[in-house]
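Chemist: Give me a 3D structure for the following:
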Amino acid sequence: MPELSVVWFVLLGVLFTGYALLDGFDLGAGAVHLLVARTDGERRNVLNAIGPVWDGNEVWLITAGGALFAAFPLVYGTALSGFYLAVVLLLGALILRGVSIEFRGKETDRRWRQSWDVLFSLGSALAALLFGVALGNVLRGIPLDSAGVYRGGFVGLLSPFSLAVGVLTLGLTVQQGTAWLVLKTEGALADRARRIQLVAVAVVAVTWVGSTLIALGDAKHLFDNFGTPIAWVGPVVVFHSLAFLIRSNLRRQAAVGFICSCLAIIGLAITAGTALYPNLLPSTGPGASLTVSSAHSSDLTLSVMLVVAVLGMPIVLAYTAFIYWKFKGKVQLDEAGY
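Modeler: Numbers count the residues shown, from 1 in each chain. Have a look, this model is predicted:
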């Protein structure tokens, strides 16, 4: 049986990937809100497409954060203290988009609604970008001293590699968001979403290759685990998913397109996990890296958490599936909508 710390490394990857899949599409829909929707009715339809599920999607982030705190508290403390300003900006962006969704429809004044539209789009795009920058720093590593304390500022987090991963993540959310809008909307709104999706796929492909090339010189440790064929499962999934996503877009196969977009995110998550293991937070300074074996909680804590996860996850998945089934189909404007 694998060590409990390794099991929780995988489970954390599942939780963060679940968040990327679900909240990724409403972050992406928000990021392109001003581009994909032209009229007030179309912008209401964008909000109606994500309205029933967006706040539930963010529960995955809370769950993943709680699991990280319990399973690897040293990583949680080091990352959040080191990324303090970035985390505050991220929380501000998430709060801003949530407030924008709820406040936009409280008044019918055109300027009121347009102001909240801008803030909704800005908050969504900024959140996606910051998530990517954070992931880029986790993959690349951060300067830790001999006591395991982060020694650097906010500007130090903005390396070329982390910024490339940030743009890659933003492109992925736009790709996922437009795939969702194509699935949930009709007419001119869906047609614009298809066109923007093709641009997003191109951005994802270019930044994926670009960040890989940057890593060859700036983060060579990320290639240590790719000496066996099984390690290339993630990149292969990503390549084929993007290719089939383009084909489904041109053939107007909305459901297939959304599935392909999801598989591309899963493939990139597998690739990132493969590149990172056994590290959780690599060190570029004199301090030791925080690894799966060195930074985990006690076996008792991990065991109790695993029991809770085994019992609780089926309930969460069943509830999530029921909500998405309940609100399936194309969205329509009505008085009860946004």
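Chemist: When you work out contacts or count neighbours from here on, use the C-alpha atoms and nothing else.
Modeler: Will do.
Chemist: in a helix, that's where A164 is, yeah?
Modeler: Yes: counting by DSSP: H, G, I helix; E, B strand; the rest coil, A164 is found in a helix.
Chemist: Contact partners for the residue found closest to it once you drop the neighbours it is linked to in the chain?
Modeler: Leaving aside its sequence neighbours, A164 sits nearest to S211 (CA to CA, 6 or more residues apart in numbering; 5.5 Å). For S211, the residues meeting the contact criterion (CA atoms under 8 Å, 6 or more residues apart in numbering) are F161, A164, V165.
Chemist: One more pass at 10 Å, please.
Modeler: S211 is in contact with G136, P160, F161, S162, L163, A164, V165, G166, V167, L168, D218, counting by CA atoms under 10 Å, 6 or more residues apart in numbering.
Chemist: With T185 instead?
Modeler: With contact taken as CA under 10 Å, 6+ apart, T185 is in contact with E42, N45, V46, N48, A49, D191, A193, G329, K330, V331, Q332.
Chemist: so the last one, which of the three states?
Modeler: Which is Q332. Here Q332 is coil, with the state taken from three-state DSSP.
Chemist: And for it, the neighbour number?
Modeler: When neighbours are defined as other CA atoms under 10 Å, Q332 has 14 of them.
Chemist: hang on, isn't it packed against G187?
Modeler: No: counting by CA atoms under 10 Å, no contact exists between Q332 and G187, whose distance comes to 11.8 Å.
Chemist: if we can go back for a sec, looking at the contacts of T185, spot the one nearest F9.
Modeler: Nearest to F9, judged by CA to CA, of the contacts of T185 is A49 at 32.9 Å.
Chemist: Pull the contacting residues for that closest one.
Modeler: Applying CA under 10 Å, 6+ apart, we find A49 in contact with 26, 29, 43, 180-181, 183-185, 327-332, 337-338.
Chemist: Out of these, the closest to A64 would be?
Modeler: D26 (18.1 Å).
Chemist: what mean pLDDT does the helix or strand hosting that closest one have?
Modeler: Remark: D26 resides in helix 4-31, with elements defined by DSSP states H and E. For helix 4-31, the per-residue pLDDT values average out at 94.
Chemist: Mind listing what's buried along that helix?
Modeler: Residues of helix 4-31 classed as buried under the neighbour-count rule (16 or more other CA atoms under 10 Å) are 4-5, 8-9, 11-31.
Chemist: wait, H240 sits on I265?
Modeler: No: taking contacts as CA under 10 Å, H240 lies outside contact range of I265: 11.9 Å.
Chemist: which residue ranges form the helices in the chain?
Modeler: For the chain, the helices identified by DSSP state H occupy 4-31, 33-36, 40-50, 54-57, 59-71, 73-82, 84-103, 110-140, 160-184, 187-218, 233-250, 254-276, 299-326, in order along the chain.
Chemist: and the gap between E3 and I101?
Modeler: Summarising the geometry, the distance separating E3 from I101, computed by CA to CA, to the nearest Å, is 43 Å.
Chemist: and if you look at V331?
Modeler: As for V331, its distance to I101 is 16 Å (criterion: CA to CA).
Chemist: Equivalent analysis for P314, please.
Modeler: 30 Å.
Chemist: what's the spacing between stretch 187-205 and its chain's center?
Modeler: Per CA atoms, centre = their mean, to the nearest Å, the displacement of stretch 187-205 from the mean C-alpha position of its chain is 18 Å.
Chemist: Let's see that stretch as CSV, backbone CA atoms only.
Modeler: Once side chains and other backbone atoms are set aside, the C-alpha atoms of stretch 187-205 remain, and they are given as CSV (Å, rounded to 0.1, in the frame of the first residue of the first chain):
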residue,chain,number,x,y,z
GLY,A,187,-27.2,32.2,-31.3
ALA,A,188,-24.7,35.1,-31.7
LEU,A,189,-23.5,34.6,-28.1
ALA,A,190,-22.5,31.0,-28.7
ASP,A,191,-20.9,31.9,-32.1
ARG,A,192,-18.7,34.5,-30.5
ALA,A,193,-17.8,32.0,-27.8
ARG,A,194,-16.6,29.6,-30.5
ARG,A,195,-14.4,32.2,-32.1
ILE,A,196,-12.9,33.2,-28.8
GLN,A,197,-12.3,29.6,-27.9
LEU,A,198,-10.1,29.1,-31.0
VAL,A,199,-7.9,32.0,-29.9
ALA,A,200,-7.8,30.6,-26.4
VAL,A,201,-6.6,27.2,-27.7
ALA,A,202,-3.8,28.9,-29.6
VAL,A,203,-2.8,30.9,-26.5
VAL,A,204,-2.8,27.6,-24.4
ALA,A,205,-0.7,25.8,-27.0
